[in-house]
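Q: Provided below are the primary sequence and the corresponding predicted coordinates.
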Amino acid sequence: MSLDRETILSIVQTSLRELGEDLNKADLLSTDEKTRLFGSRSALDSMNLVNLIADIEERLSEDYDIDITLANPSAMSRTHSPFRKVGSCVDYILELTTKEV
């Protein structure tokens, strides 16, 4: 199954909103494509980012029967991390899910 960009964006934002509720971080309750996921201006620390990635992978698997690993060697070897912002994360997930089809 191939997902469109809006669906992937919704998955990422839902995961962020739920994480924000759990961590009591208002910055994560309302996000857009420019919201930072990693780095000095992010509301997430490294463990929160790992939890976010795991949650997204789980949602993709359970809801769409798409089994991918987001934190793979390809992601880690890129010049610009796909996890820097919501938009780049969505683009990366779209790239991976398109390859899976």
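A: Good, I have the coordinates. The structure displayed is predicted, hence computed values, not measured ones.

Q: from now on I want contacts and neighbour counts done on CA atoms only, so please keep to that.
A: Fine.

Q: how many neighbours does residue 41 have?
A: 9 (other C-alpha atoms under 10 Å).

Q: numbering from 32 from now on, please.
A: In the new numbering, first residue 32, that becomes residue 72.

Q: so how far is residue 48 from it?
A: The spacing between residue 72 and residue 48, counted by C-alpha to C-alpha, to the nearest Å, is 17 Å.

Q: and residue 39, by the same measure?
A: 14 Å.

Q: same check on residue 92?
A: Residue 92 sits 19 Å away from residue 48, taking C-alpha to C-alpha as the criterion.

Q: those two: which is more packed in?
A: Remark: of residue 92 and residue 48, residue 48 carries more neighbours, 20 against 13, as counted by other C-alpha under 10 Å.

Q: you'd agree residue 56 is up against residue 75?
A: No: judged on C-alpha atoms under 8 Å, residue 56 makes no contact with residue 75 at a distance of 9.0 Å.

Q: looking at those two, which has the bigger crowd around it?
A: residue 75 (23 against 15).

Q: please, which helix or strand holds that one?
A: Under the criterion DSSP states H and E, no helix or strand holds residue 75.

Q: now do the contacts for it.
A: Residues in contact with residue 75 (C-alpha atoms under 8 Å, 6 or more residues apart in numbering) are 68-69.

Q: and the helices in this protein, which stretches?
A: For the chain, the helices defined by DSSP state H occupy 36-54, 77-95, 104-107, 117-131.

Q: any stretches of the chain with poor pLDDT?
A: Where the chain drops to pLDDT under 70, the residues are 32, 131-132.

Q: let's see 90
A: 32-33, 69-72, 102-112, 129-132 (pLDDT under 90).

Q: which one is residue 36 nearest to, not counting chain neighbours?
A: Once flanking residues are discounted, residue 36 sits nearest to residue 125: 6.5 Å by C-alpha to C-alpha, 6 or more residues apart in numbering.
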